[in-house]
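Trainee: Sequence and computational prediction follow.
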Amino acid sequence: MIALLFILLIPFAAAGLALIHQGLGRSRSSAHTLLATLCAIAIAAVVFLAVGCSWAGHAGGAAHVLHGFDWLGAEPFMGQGLYAKPGSARETLVLCFQLFAVGLAAMIPISTGSDRWRMTAIGAWSVVAAGLIYPLLSHWIWGGGWLATRLPELGLPGFVDAGGAGAIQVLGGLGALSVGWVLGPRRGKYTQGMATAIPGHNIVLVHFGCLLALVGWFGLEGAASLLFYNIAPERLVWVAINCLLGASSALLFAVVATRLRYRKTDSSISANGWVAGLVAVSAGGAWFSPGQAIFVGLMAGGLVTFLVEIFELWLMVDDPGGAISVHGAAGLWGLVAFGLLAPPAGSHLLAQLVGVATLLGLGLPLVHGLNMLIDRFVPYRVDMDGDWQGMDIRELGSGAYPEFVIHTDEFVPR
């Protein structure tokens with residue numbers, strides 16, 4: 001019952017991220033962003049139940065083993081191995097958790113594709129993410145796969161991801177990076193090699209989304225820690241405390257850093273810092289001390305503050321919501337931080353680095369290769385004038401704010 005209650009908090013994380021993505025994009029694409037998020041979650045849930053849950057599997061379940069490495073689950077499709085099966089409460093809770101978690105992983109790249117990613121292409125990405133990519137990574141980390149079980153045979157601790165920093169957040173961040181590469185920048189973003197500022201249209205919704213995300217992260221990390229790592233129920237209090245401390249310290253770092261650099265505090269980067277703190281701490285919030293959670297959050301806030309600018313100005317990757325930095329970079333940092341700080345200090349570092357190398361070395365090529373393949377059959381980018389006219393009009397036929405929004409970026413050079 002405790003795990004189920006925490007699972008039921010996870011939709012707050014999805015709602016919070018959806019509002020952040022919508023608020024940091026243009027007003028003319030806001031309805032499209034929210035509907036695309038709902039579609040991504042819906043498609044991911046159905047596809048994961050139909051196919052993905054078989055390959056994600058669960059610890060102790062059937063699996064495909066190759067050369068001693070447990071690569072993929074081998075459970076029945078459609079969850080038939082659990083339905084009406086006595087004594088399967090734990091496995092059913094894992095399935096319930098995964099249905100929510102896979103939706104989060106699928107929706108994160110929508111932030112990067114804001115204003116130009118077609119809804120049919122988002123749906124195609126969601127199918128692939130829920131049917132193949134997420135189940136593969138989830139099995140390796142949580143389903144009894146090789147990252148969790150093979151490393152101990154080599155004298156290392158198993159790879160630990162107590163709240164989805166790798167399986168959900170890094171996957172979403174890698175998807176965001178790949179989508180940014182495939183789509184290219186919005187029209188008017190880069191002129192003569194210089195980046196043009198295209199501010200989000202509703203920072204109030206962004207900050208409200210941060211508060212909703214905090215509640216959702218309590219559920220996300222608490223449920224994962226209970227189901228996959230069997231933490232004592234009293235440790236759940238520390239999960240909540242560390243989530244708040246990590247988000248708070250990351251936010252405050254971003255507030256102070258942007259104030260010092262620009263003489264004004266940047267609201268969007270500060271909000272991204274808050275979420276990055278949640279992402280980083282989710283790697284091991286049940287084991288971090290409060291002081292460690294603050295340190296992890298501070299570093300996550302620093303990463304986001306500077307990486308958002310690096311991706312935008314130096315690498316020319318147009319990421320309106322900062323998802324690459326917030327979910328990808330902060331998630332990787334959280335996994336490494338757990339290796340550095342988890343008691344006894346440093347004992348998990350090598351195992352965590354193996355997991356990080358796996359996510360980057362196998363996960364990124366897989367994600368990007370599949371995105372490029374999908375783009376050949378279901379073109380990702382809207383037509384030439386679509387992102388300028390707005391995705392709401394182009395794909396939905398009407399705007400979210402038809403009466404009273406002035407599009408100030410009409411004066412931005414095309």
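Mentor: Yep, that arrived.

Trainee: all strands for this protein, in order.
Mentor: Counting by DSSP state E, one finds strands in the chain at the ranges 63-66, 69-73, 190-191, 194-195.

Trainee: closest one to A240 among the ones you listed?
Mentor: Comparing the strands of the chain by their distance to A240 (CB to CB), the top pick is strand 69-73, with 30.9 Å. Bear in mind the C-beta positions are built from the backbone N, C-alpha and C, glycine included.

Trainee: buried residues in the closest one?
Mentor: Going by neighbour count (16 or more other CB atoms under 10 Å), the buried part of strand 69-73 is D70, L72, G73.

Trainee: what do you get for stretch 375-390?
Mentor: Buried-residue list, stretch 375-390, by 16+ other CB under 10 Å: D375, Y380, R381, V382, G386, D387, W388, G390.

Trainee: what's near enough to touch the last one?
Mentor: The one in question is G390. The contact partners of G390, taken as CB atoms under 8 Å, 6 or more residues apart in numbering, are R26, R28, S29, H32, D115, G399.

Trainee: quick one: G123 from R394, how far?
Mentor: According to CB to CB, to the nearest Å, G123 and R394 sit 16 Å apart.

Trainee: now V275
Mentor: Taking CB to CB as the measure, V275 falls 28 Å from R394.

Trainee: Settle it for me: which of the two has more neighbours?
Mentor: In terms of neighbours (other CB atoms under 10 Å), V275 is the more surrounded of V275 and R394; the figures are 31 against 20.

Trainee: Neighbours of the closest residue to the more buried one other than its chain neighbours, how many?
Mentor: Distance criterion CB to CB, 6 or more residues apart in numbering; nearest residue to V275, sequence neighbours excluded, is V326 at 5.2 Å. Residues within reach of V326, counting by other CB under 10 Å, total 36.

Trainee: wouldn't V326 be in contact with G301 here?
Mentor: No. If you go by CB atoms under 8 Å, V326 and G301 don't touch, sitting 10.4 Å apart.

Trainee: what residues are shared contacts of those two?
Mentor: In the contact map built from CB under 8 Å, 6+ apart, the residues linked to both V326 and G301 are A276.

Trainee: can you list the weak-confidence ranges in the stretch 301-414 of the chain?
Mentor: Residues of the stretch 301-414 of the chain meeting the criterion pLDDT under 70: 403-414.

Trainee: Okay, helices next: where are they in it?
Mentor: Secondary structure of the stretch 301-414 of the chain by DSSP state H, counting those that start in this stretch: the helices cover 323, 330-341, 349-358, 364-377, 386-389, 391.

Trainee: Out of those helices, which is the most enclosed?
Mentor: Per-residue neighbour counts averaged over each of those give the maximum for helix 323, namely a mean of 31 (mean count of other CB atoms under 10 Å).
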